[in-house]
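**Student:** Sequence plus the predicted model coming up.
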Amino acid sequence: MEFSVWGFPVLKFNFENPEKALEDILKYANEERLNEMSDDWNAKCKSTAMSRDLDTMKHIDHELEKILKKLSEHFQIPLEKMSFKGCKHPECFGDYWVNQYTKGDQQDVHYHMNPEFGDPPLFSFTYFAKYDPEKDAKFYFFNPSPAPDLYKDFIDTRSEFNLRKELDIQEGDIIIFPSYMLHGVDEQVRDEPRITLSGNIHGLSKK
């Protein structure tokens, strides 16, 4: 399913076996201790990068490869030109990580275009592994306008004037969006953890 968010394409797919995905993510989080997110990311949550040498993540890899194929078909981008890894080297790790939000945690507005990490990715994504849409913190896209407050009195006139947009997201959904889109996560207001898998999809050259 495709959504238009301020004119940018956002796709929503599903993992075929979300129960197994959550089981593996929870097992991984127990094996690799989650660390507090750095203040440099304007966030308060626990996060960890994925390690490609853990058998527990094989199912996640398989699910993501199926999602990549759907993305390739939707945008008519050759599959061989995209990867969850930042390079073609066999030892290159997948560029995705687990985020765990407990009461009081949040993620400020940001995008995935940091030049310090090399070439920017084509797309970014978030998979909602453990998520109650009625109780957990909302994921939102922030208005890219350079002066969004200027139109705050007219949000009832045109939806384009809203400061933010939310999608209808359920547990087991994965959303994929251009990596330059501004996005964030509201404050988690309950003790139960909200767990997501986020990451990037890189474009691979012919080299």
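**Tutor:** Received it, and whenever you're ready, just let me know what you need. Numbers count the residues shown, from 1 in each chain.
**Student:** tell me which element the spatially closest residue to Ala29 that is not a sequence neighbour falls in.
**Tutor:** The shortest distance from Ala29 to any non-neighbouring residue, by Cβ to Cβ, 6 or more residues apart in numbering, is to Val98 (5.7 Å). (Each C-beta comes from the backbone N, C-alpha and C, glycine too.) Element membership of Val98, judged by DSSP states H and E, is strand 96-101.
**Student:** Same check on Lys20?
**Tutor:** In the assignment (DSSP H and E), Lys20 maps to helix 18-31.
**Student:** Who are the packing partners of that helix?
**Tutor:** On a contact count with 3 or more Cβ pairs under 8 Å, 6 or more residues apart in numbering; DSSP states H and E, helix 18-31 meets helix 58-75, strand 96-101, strand 123-130, strand 194-203.
**Student:** Deepest-packed of those, please.
**Tutor:** Of all the helices and strands packed on helix 18-31, strand 123-130 has the most neighbours on average by mean count of other Cβ atoms under 10 Å, namely a mean of 24.
**Student:** Identify the neighbouring strands of it in the sheet and state each direction.
**Tutor:** In the sheet, strand 123-130 lines up against strand 173-178 (antiparallel), strand 194-203 (antiparallel) (DSSP bridges).
**Student:** Relative to Met57, which of those is closest?
**Tutor:** Closest approach to Met57 among the strands paired with strand 123-130 is made by strand 194-203 (9.9 Å; Cβ to Cβ).
**Student:** Now the closest residue to Tyr151 other than its chain neighbours, what are its backbone angles?
**Tutor:** In space, and not counting its chain neighbours, Tyr151 is closest to Phe161: 3.8 Å by Cβ to Cβ, 6+ apart. Backbone torsions of Phe161, given as degrees, to the nearest 10, read phi -90, psi -10.
**Student:** Kindly report the same for Phe3.
**Tutor:** For Phe3, the backbone dihedrals are phi -120, psi 150 (criterion: degrees, to the nearest 10).
**Student:** do the same with the one 5 residues further on
**Tutor:** Backbone geometry at Phe8, expressed as degrees, to the nearest 10, gives phi -100, psi 140.
**Student:** Count the residues that sit near it.
**Tutor:** 13 (other Cβ atoms under 10 Å).
**Student:** okay but Thr126 is in contact with Phe141, surely?
**Tutor:** No: under the criterion of Cβ atoms under 8 Å, Thr126 makes no contact with Phe141, lying 11.2 Å away.
**Student:** re earlier: what angle do the very next helix or strand once past the strand holding Val98 and strand 96-101 make?
**Tutor:** Once the chain leaves strand 96-101, the next helix or strand it forms, by DSSP H and E, is strand 106-110. Counting by axes from the mean of the first three to the mean of the last three Cα atoms, to 10 degrees, strand 106-110 lies at 130 degrees to strand 96-101.
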